[in-house]
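Asker: sequence first, then the predicted structure:
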Amino acid sequence: MAKVTILGATGNVGLFAAHTISEIPYVSDMLLVGRPGREDFLAGCCRDLSDSFAARGTDVRLSYSTSLADARDSDIIVCTAGVPRKPGQDRNDLAFENAKIVAETARTIGQVSPDAILFVITNPVDVMTAVALKYSGLEPRQVFGLGTHLDSMRLKSLIAHYFRVHVSEVHTRIIGEHGKSMVPLWSATTIGGIRIQNLPTFSGLPTQEMIETVRTSGEAIIRDKGATVYGPGEAIATLVRTILGNENRILTVSSYIKSEIHGIGDVCIGVPARINREGVFPVAIRLEDDEIAGFSRSVAKIQKITAKVMERLEKTQ
Ligand SMILES: NC(=O)C1=CN([C@@H]2O[C@H](COP(=O)(O)OP(=O)(O)OC[C@H]3O[C@@H](n4cnc5c(N)ncnc54)[C@H](O)[C@@H]3O)[C@@H](O)[C@H]2O)C=CC1
Ligand SMILES: O=C([O-])CC(=O)C(=O)O
């Protein structure tokens, strides 16, 4: 049985993730961490969630704290702490402000819970994963970000809808930045096990329109309702379940790659990775030429932003 800690638990994503994670059968303990001054709100969240456990018949020990020290002995720590973007902002506009939060948090986590897996949600998630990896001192397998998993699920759903098939029939991936430079892998997209290019109807698929919808999905939801909550919350639970259940699923998350993909690497970015109780292990893949070019551009962009953020962080330490 496992202890899962959620940082930023008073926020939109953290609180809904607490609800989705509580449904995972391997979870015995859940700790909600918020900032000092938020004790009453955290207590209220615990009571409200406990009622949902009672109604559902879930047996999870739930507690809250405003001290990161209480995250000790966690199996997984989900970091949603940080500011979200406002309408009109790019995720990368949050980079430095959130990097300060993630660096400080990761440093403490590395000390109090060195065996944990640290799962980063805070945006811009690829850059924050690199910051968490560096400042926690944990191994690359222990630190990963939600990356392009949610984007891949958004694309999967659009394809399933277009072909009028159940989502479970569609396999697809988006790699690269969780942001504008994301790269859809049509070469790795199948429907009912058949490569999408081998389906005659593929030629009519509005691929550009679909990928643009995915690229702007978060932005559109934030504009209309203030925050993306249910998509990320369910996606987070999928990842936590995959780890705790030692499922060895291959999901597309932000992970440190050395040179696994066509020699491209030294960056934290969305790539297919095998995920189990030990953590996250990027899978080497071969891509089409246009996909390599897109991925290289995305990697160069994230490397540049990451380097800038690291440099600024070092000056503040
Ligand atoms: N990677 C992904 O796919 C997604 C990432 N996000 C990101 O997750 C983060 C949280 O989003 P929301 O829950 O919507 O935001 P929110 O504003 O509702 O919650 C933010 C949480 O972070 C905490 N926080 C803020 N500043 C802090 C600080 N200085 N120290 C410690 N904790 C602090 C707040 O107390 C709150 O609990 C944002 O960065 C957002 O962009 C959100 C959705 C999807
Ligand atoms: O768009 C945002 O800022 C939140 C997010 O990352 C998403 O839902 O994909």
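Answerer: Received the coordinates, thanks. Residues are numbered from 1 along each chain as shown. Ligands and ions are numbered 1, 2, ... in the order given.

Asker: contacts, neighbours, all on C-alpha from now
Answerer: Will do.

Asker: spell out which residues of the stretch 151-300 of the chain are next to ligand 2.
Answerer: 218-219, 228 (Cα under 6 Å from any ligand atom).

Asker: and these, which is closest to ligand 2?
Answerer: Gly218 (3.3 Å; Cα to the nearest ligand atom).

Asker: so that closest one touches Tyr230, yeah?
Answerer: No - between Gly218 and Tyr230 there is no contact, the gap being 11.4 Å when judged by Cα atoms under 8 Å.

Asker: between those two, who's got more neighbours?
Answerer: Legend: neighbour count by other Cα atoms under 10 Å for Gly218 and Tyr230, higher for Gly218 (22 against 14).

Asker: where does the closest residue to that one other than its chain neighbours land in three-state SS?
Answerer: Spatially, and ignoring its direct neighbours in sequence, Gly218 is nearest to Thr228 (6.4 Å; Cα to Cα, 6 or more residues apart in numbering). Using DSSP: H, G, I helix; E, B strand; the rest coil, the structure places Thr228 in coil.

Asker: against Gly8, how distant is Thr228?
Answerer: 15 Å (Cα to Cα, to the nearest Å).

Asker: again, but for Glu311
Answerer: 25 Å.

Asker: show me where pLDDT drops low in this protein?
Answerer: Within the chain, not a single segment meets pLDDT under 70.

Asker: show me it divided up by domain.
Answerer: 2-145, 149-307 (automatic domain parsing).

Asker: what's the span of the first one, first residue to last?
Answerer: What that stands for is domain 2-145. Rule used - Cα to Cα; the end-to-end distance of domain 2-145 is 20 Å.

Asker: and ligand 1, is it touching that?
Answerer: Yes - under the criterion of Cα under 6 Å from any ligand atom, domain 2-145 makes contact with ligand 1 via 8-14, 34-35, 80-85, 101, 121-123, 125.

Asker: got a quick PyMOL command for the buried subset of these?
Answerer: Entered in PyMOL, the line below selects the buried ones among the residues of domain 2-145 next to ligand 1, by 16 or more other Cα atoms under 10 Å:
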select buried, resi 8+9+10+11+12+13+14+34+35+80+81+82+84+85+101+121+122+123+125
